[in-house]
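S.K.: The following block contains a protein sequence and its predicted model.
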Amino acid sequence: MKLRYSARTDVGKKREINEDSYGPESLEGQATELGYVMVMCDGMGGHASGEVASSMAVENILSCYYEDPRDDRPEALRSAFTTANQRIFAHGRGTMGTTGVAALFFQNHAYIANVGDSRAYIIHKGRIHQISRDHSYVSEQVAAGLLTPEQARNSMVRNIITRALGYQEDVRVDLFKVPLNVDDIILLSSDGMHGAIEDDEIAQIINELPLDEAAQRLIDLSNERGGVDNITVTLAQVLELDPDFTTRRLEPINEEEVDTEPDLSAHLAGPAIETVNPADPSPSEPPAHLQSSVPTAKAPSNRAVLEGERPGSRLGLLLAGLVLLILVAVGYLLIAPEQARSIFGGLGSFAATATATASPAPTETASPTPSPTEAASPTPSPTEAAIPTAPATAPSSVPTDATAIAPEPSELPTDGDASLPSVPIPNPIERNRSNQEAGDS
């Protein structure tokens, strides 16, 4: 194949450091028998040294691909991504990360490898189609029908991506295959560009301007619309196909029979894009990138990365909430034990009162006449003498039913800790009788 190549990058209007990287500077010198490769990476400002991660990714993807001698060149590209991920992770131990998207031009096909929310497009017969699939939280919500594209664009969580190079020791790499025709253009871009410019506008600029001017115009327009993030654009136009592979049979998604040079613009609204050995099962519905191109929200460079590569299930959220509640309770016990005991004691008293209320009341019986032994006034112990007693009352007012004068739960000590020593409280009946005799004497 013969290609025309152009690439531009810009720091934008809001950032001080350009964390985007791309490569190569030129396709000249690449081993044509192994295909041409161009790469674009967007480092994450939310993690330390995002610019280091993106430059390491570009360098390692290119070097590892051309050092791999295997015949399966698409798998060599996927392997280059996984190796780059391992080296970035080893360097930063998960403290740095980057997106990554690459295009391999081999045997009249483009193979797109992708991790993160940087994108790969094809402009085929003047129409633009997104090849890659965004690994972002809002993109998955749109694909599941939970958000509209407009809601995704304005979402507060649009900066969360679900995959990145260097964030974890292992990473899943998407790989897509699309047949090429003369004048087809492959575009790789960071979200600083495709987040500011609509897909139809991108296609119009590329169709109307030469490749170099189109790349620069996309940069300029992104800056005119705020330039809130780093901006990178890489373009490659097919000038000639490899004659050894021009008599191929194209394989559309639904395996329909097609001519050697078909017009695929009506087929699934674009060229036949295939997923090469998907790392995870495909959804039951066609993925969003095979339908009309839907731009997601522009994500700032300080994006966050989810720990898992898919949104948490409801069960996971419930368990996380339960763990958080337990941690809060334990922390409260450690910081304010007295208040915690009081709360738990109150809950215990409430439970006891509820139980007593629910129990049937016993039948009231006549109060027994105290025996002579009970009538004798015992000598109070030193502990009992230290406790203030109620004023003496007339004999007729002394109740004979201990249950009737038992103190309410609210009159008992409120620290609620049964393990702590408590001061003995004399029997109410005996204490009242002592007071009565004291009054008589």
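M.R.: Here it is on my side, so go on. Model, not experiment: these values are computed from the prediction.

S.K.: Leu62 versus Gly29, what's the distance?
M.R.: 11 Å (Cβ to Cβ, to the nearest Å). All C-beta spots, glycine's among them, are computed from the backbone N, C-alpha and C.

S.K.: Neighbour count: those two, which is higher?
M.R.: With neighbours defined as other Cβ atoms under 10 Å, Gly29 and Leu62 compare such that Leu62 has more, 19 against 8.

S.K.: Where does the prediction get shaky in the protein?
M.R.: 45-48, 246-272, 277-317, 339-441 (pLDDT under 70).

S.K.: how's it carved up into domains?
M.R.: 2-309, 376-441 (automatic domain parsing).

S.K.: May I have the one helix or strand Gly321 maps to as CSV, with CA atoms only?
M.R.: If you go by DSSP states H and E, Gly321 is part of helix 314-335. In CSV, the C-alpha atoms belonging to helix 314-335 read as follows (Å, rounded to 0.1, in the frame of the first residue of the first chain):
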residue,chain,number,x,y,z
ARG,A,314,-26.2,-3.5,42.2
LEU,A,315,-25.1,-6.3,44.5
GLY,A,316,-21.6,-4.9,44.6
LEU,A,317,-22.9,-1.4,45.4
LEU,A,318,-25.0,-2.9,48.2
LEU,A,319,-22.1,-4.8,49.7
ALA,A,320,-19.9,-1.7,49.5
GLY,A,321,-22.6,0.3,51.3
LEU,A,322,-22.8,-2.3,54.0
VAL,A,323,-19.1,-2.4,54.5
LEU,A,324,-19.0,1.5,54.7
LEU,A,325,-21.8,1.4,57.3
ILE,A,326,-19.9,-1.1,59.4
LEU,A,327,-16.7,1.0,59.2
VAL,A,328,-18.6,4.1,60.3
ALA,A,329,-20.0,2.3,63.3
VAL,A,330,-16.6,0.9,64.3
GLY,A,331,-15.1,4.3,64.0
TYR,A,332,-17.8,5.9,66.1
LEU,A,333,-17.2,3.3,68.8
LEU,A,334,-13.5,4.1,68.9
ILE,A,335,-13.9,7.9,68.8
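
S.K.: and it, what does it pack onto?
M.R.: helix 337-358 (3 or more Cβ pairs under 8 Å, 6 or more residues apart in numbering; DSSP states H and E).

S.K.: The closest residue to Asn114 other than its chain neighbours: what's it in contact with?
M.R.: Among residues not flanking Asn114 along the chain, Ser132 sits closest, at 4.0 Å (Cβ to Cβ, 6 or more residues apart in numbering). Contacts for Ser132 were tallied using Cβ atoms under 8 Å, 6 or more residues apart in numbering; they are Val101, Ile112, Asn114, Ser118, Arg119, Ala120, Asp174, Phe176, His289.

S.K.: mind redoing it with 7 Å?
M.R.: For Ser132, the contact set (Cβ atoms under 7 Å, 6 or more residues apart in numbering) comprises Val101, Ile112, Asn114, Arg119, Ala120, Asp174, Phe176, His289.

S.K.: Check Met40 too.
M.R.: Contacts of Met40 by Cβ under 7 Å, 6+ apart are Tyr22, Val101, Ser118, Leu188, Ser190, Thr232, Thr234.

S.K.: name the element it belongs to?
M.R.: Secondary structure (DSSP H and E) places Met40 in strand 36-42.

S.K.: Tabulate the CA atom coordinates of that strand in PDB.
M.R.: Presented in PDB, the C-alpha positions along strand 36-42 are these (Å, rounded to 0.1, in the frame of the first residue of the first chain):
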ATOM      1  CA  TYR A  36       2.600   0.600   8.500                       C
ATOM      2  CA  VAL A  37       1.700   1.500  12.100                       C
ATOM      3  CA  MET A  38       0.600   4.900  13.500                       C
ATOM      4  CA  VAL A  39      -0.200   5.400  17.200                       C
ATOM      5  CA  MET A  40      -1.800   8.100  19.300                       C
ATOM      6  CA  CYS A  41      -1.900   8.200  23.200                       C
ATOM      7  CA  ASP A  42      -3.500  10.600  25.700                       C
END
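
S.K.: Would you confirm that Asp229 contacts His194?
M.R.: No - contact criterion Cβ atoms under 7 Å: Asp229 and His194 do not qualify, at 10.6 Å.

S.K.: who has more neighbours, the two?
M.R.: The residue with more neighbours, out of Asp229 and His194, is Asp229; 29 against 26, by other Cβ under 10 Å.

S.K.: Please give me every residue in contact with the residue nearest to the more buried one when sequence neighbours are not counted.
M.R.: Nearest non-adjacent residue to Asp229, counting by Cβ to Cβ, 6+ apart: Gly192, 3.6 Å away. Residues near Gly192 by Cβ under 7 Å, 6+ apart: Gly12, Ser222, Asp229, Asn230, Ile231, Thr232.

S.K.: Could you do Thr232 as well?
M.R.: Thr9, Asp20, Tyr22, Met40, Ser189, Ser190, Gly192, Met193.

S.K.: wait, Ile161 sits on Gly116?
M.R.: Yes - between Ile161 and Gly116 there is a contact under Cβ under 7 Å: 5.4 Å.

S.K.: Which neighbours do these two have in common?
M.R.: Common neighbours of Ile161 and Gly116 (Cβ under 7 Å, 6+ apart) are His135.

S.K.: can you put the contacts of Thr232 in TSV and add secondary structure and distance to Val276?
M.R.: Formatted as TSV, these follow (DSSP: H, G, I helix; E, B strand; the rest coil; distance: Cβ to Cβ, whole Å):
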residue	secondary structure	distance to Val276
Thr9	strand	28
Asp20	strand	26
Tyr22	strand	23
Met40	strand	19
Ser189	strand	22
Ser190	coil	24
Gly192	helix	28
Met193	helix	26
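
S.K.: Just the strands from the stretch 101-250 of the chain, written as ranges.
M.R.: 109-115, 119-124, 127-130, 160-161, 174-179, 185-189, 231-240 (DSSP state E, counting those that start in this stretch).

S.K.: for the helix or strand following the longest one, packing partners?
M.R.: This means strand 231-240. The helix or strand immediately downstream of strand 231-240 is strand 274-275, counting by DSSP H and E. Counting contacts by 3 or more Cβ pairs under 7 Å, 6 or more residues apart in numbering; DSSP states H and E, strand 274-275 is packed against strand 174-179.

S.K.: Tell me the buried residues in the strand it packs on?
M.R.: Across strand 174-179, burial judged by 16 or more other Cβ atoms under 10 Å covers Asp174, Leu175, Phe176, Lys177, Val178, Pro179.

S.K.: which residue packs closest to the second one, ignoring adjacent ones?
M.R.: So that's Leu175. Val276 (4.2 Å).

S.K.: Let me see the contact set for the one you found.
M.R.: Val276 makes contacts with Pro74, Tyr111, Leu175, Phe176, Lys177, as judged by Cβ under 7 Å, 6+ apart.
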